[in-house]
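# Give me a 3D structure for the following:
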Amino acid sequence: MVVAGVALHFLLYGASLPFLFSMDDRKFVLDCPEVTGQRSLSSALAQPWAYGEGARGVNYRPVTVLSLGLDVRLFGLQPGPLRSANLLLAGVGAGLFGLLVRSLGASPFAGWWSVVLLSCHPVRSEPVLSIAARGEVLAFLFLVGALLLRRRAVLSASLLLLALLSKENSFVAPGLLALVVLFEGRVGGGPDEPPPEDRPARARQLRRLACAWGGAFALAFAARWAVLGGLLTGSASRISPADNLLAALSPIHRLMGALSLFPLAVARLFWPTTLSPDYSRTTFLVDDLLSASSVAWGAAVLVSAASLAAVLLLVPAVRKRAPLAGFGLVWALVSYVPFANFLFPTGIVFTERLLFLPAAGIAVAAAAAGEALRGAGRGRPAARLSAALAGVLLALLGGARIVEHLPDWQDDRTLMEAIVRDLPANSKAHWNLALLSLGEGKNAEASRHLARALALDPNYRESAGELVRHAEELGRWDQAEALSAAVRASRGR
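Okay, here's the model as predicted:
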């Protein structure tokens, strides 16, 4: 399964290996001295990531920095090897997830299709393609490994610690462990309770695992406290409303906004017609997110998903008939909700990176549907064949969507143009296109994108004024005039 996961990832994403650094790669890779070799790798243990860019007190991901820094020291500061490592790690993670599904008692059919459908899920594209998103890939790999090795407490806790120090969303691990323990041995049609003679041994094993995991969490919290000054975030941390417009709202209004965004997450998980690495502050408007209809629709979708999960989880007859479906749906909910602005403001209002871990739940639920279709066709070869054909169709559709999306990631310009194409109200993409056009000497194009960015978000006016002054200092009067015209036009709106 691991070999298949790696092979699928290189088959689907291999064309991206020659692509250049883009977007967040500059801040988190090219401008990170621990990664580039300007500082020792060990200093990553004592520094927040991107601490010089306003992220102090938020990102502490030393394992991710160590992984990137080690790649650079072995292969040089080239995007190809760094992206190859992402593909390798993502493929191994997908394979381990299939083994985790099998360890619950699932059939080989369900385990293998979990690997295939997870590897072909388009919403995983951004963390796989973005070198700066290595933390998502590592956290998934180590977290699934910790769950898979749950009978070996020390090894499991070691992998958990690596996950906790790779990305903050690994802190949902206890919820996923509880889910795995609940379903262990019950997926393959076994008894709901272990035999009486096995219960004491099982209880001792779980106690050892709980103690080992508690130690891993204690070490992770201690490291975050020492570096950041807090357990999850530092005492001096602040989420900028420019990145997350919900951060400036009261808790009740932030919850309303998170509810309004929940259907978007569901849509991306089930079929991502749009894939974007960035949802800037102008992609969503506060009034739209807090409208009664948006909040009501989001609440209805969340309640429906939670109700379905409860039925699949708690009703014995339903759980026995389709146990993996309940496992997958609960996995998706448990891994999404805590870091999606429901409980506390996160670094960004919405991002598809949040769906990397929940996508595994959707993949296994789809595999469960195929398993049910296959089981219903016992004695009927055509019905059993239809289950395999449905899986092949899903994999082909997902793979085609990934391949279609690849050219958007060739470089900064193609990526920004793709964002503008799919999310025309994204002011950050227009701003970045203005900067890229200036660097290429395309003054008219720069002025057009700058005017659009200012129309969408007047907060760029101060930075635009600095661009004008810089052009004047360099004696580029035609460039300064083009930029000034865009600024003047924005003031008239």
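# Counting neighbours, which bits of stretch 265-274 end up buried?
265-266, 268-269, 272 (16 or more other Cβ atoms under 10 Å). Glycine gets a C-beta too; all of them are placed from N, C-alpha and C.
# Out of those, which sit inside helices?
The helices, defined by DSSP state H, take in 265-266, 268-269 from these.
# Pick out the most distant pair among these.
Pairwise distances across those peak at 7.4 Å for Val266 and Arg268 (criterion: Cβ to Cβ).
# in the stretch 301-450 of the chain, which ranges drop under the pLDDT threshold?
Across the stretch 301-450 of the chain, the ranges flagged by pLDDT under 70 are 377-379, 383.
# quick one: low-confidence ranges for the stretch 51-200 of the chain?
Within the stretch 51-200 of the chain, the ranges that satisfy pLDDT under 70 run 51-57, 186, 188-197.
# quick one: contacts for the residue most central in space within the chain?
Centroid check for the chain by Cα atoms, centre = their mean gives Arg353 as the closest residue, at 2.1 Å. Arg353 makes contact with 126-127, 133, 136 under the criterion Cβ atoms under 8 Å, 6 or more residues apart in numbering.
# how near is it to Gly347?
10 Å (Cβ to Cβ, to the nearest Å).
# how close does the residue nearest to the centre of the chain get to Phe140?
11 Å.
# before we move on, the earlier item: and of the contacts of Arg353, the nearest to Leu96?
Taking Cβ to Cβ as the measure, Glu136 is the one of the contacts of Arg353 closest to Leu96, at 15.0 Å.
# so how far is Arg353 from that closest one?
Taken as Cβ to Cβ, the span from Glu136 to Arg353 is 5 Å.
# try Ser130
8 Å.
# repeat for Val123
With distances taken as Cβ to Cβ, Val123 is found 10 Å from Arg353.
# and what of Trp113?
Counting by Cβ to Cβ, the separation of Trp113 from Arg353 is 25 Å.
# Please apply the same query to Leu436.
23 Å.
# buried stuff in the helix or strand encompassing Leu385?
Using DSSP states H and E, Leu385 sits in helix 381-405. Neighbour counts over helix 381-405 (16+ other Cβ under 10 Å) mark 384, 386-387, 390-391, 394-395, 398-399, 401-402, 405 as buried.
# same deal with stretch 477-493?
Across stretch 477-493, burial judged by 16+ other Cβ under 10 Å covers 479-480, 482-487, 490.
# Check stretch 438-451 too.
So for stretch 438-451, counting by 16+ other Cβ under 10 Å, buried means 438, 442-443, 445-451.
# Just name the closest of the residues you listed to Ala106, please.
His449 (50.5 Å).
# Which residue ranges of the stretch 201-350 of the chain form helices?
Assigned by DSSP state H, counting those that start in this stretch, the stretch 201-350 of the chain shows helices spanning 251-270, 286-289, 292-314, 316-321, 323-336.
# where's the fourth one relative to the chain centroid, distance-wise?
Just to be clear, that refers to helix 316-321. 31 Å (Cα atoms, centre = their mean, to the nearest Å).
# Give me the packing partners of it, helices and strands only.
Counting contacts by 3 or more Cβ pairs under 8 Å, 6 or more residues apart in numbering; DSSP states H and E, helix 316-321 packs against helix 292-314.
# what residues does the helix it packs on touch?
Contacting residues not belonging to helix 292-314 are listed as 182, 256, 258-263, 266, 288-289, 318-319, 322-323, 325-326, 329-330, 333 [Cβ under 8 Å, 6+ apart].
# Stretch 415-423 now?
Stretch 415-423 is contacted from outside by 22-23, 274-280, 283, 408-409, 426, 428-430, 432-433, 436, using Cβ under 8 Å, 6+ apart.
# Which helix or strand contains the nearest residue in space to Pro108 that is not next to it in sequence?
Computed as Cβ to Cβ, 6 or more residues apart in numbering, the closest residue to Pro108 that is not its neighbour in sequence is Arg102, at 7.1 Å. Using DSSP H and E, the element containing Arg102 is helix 79-103.
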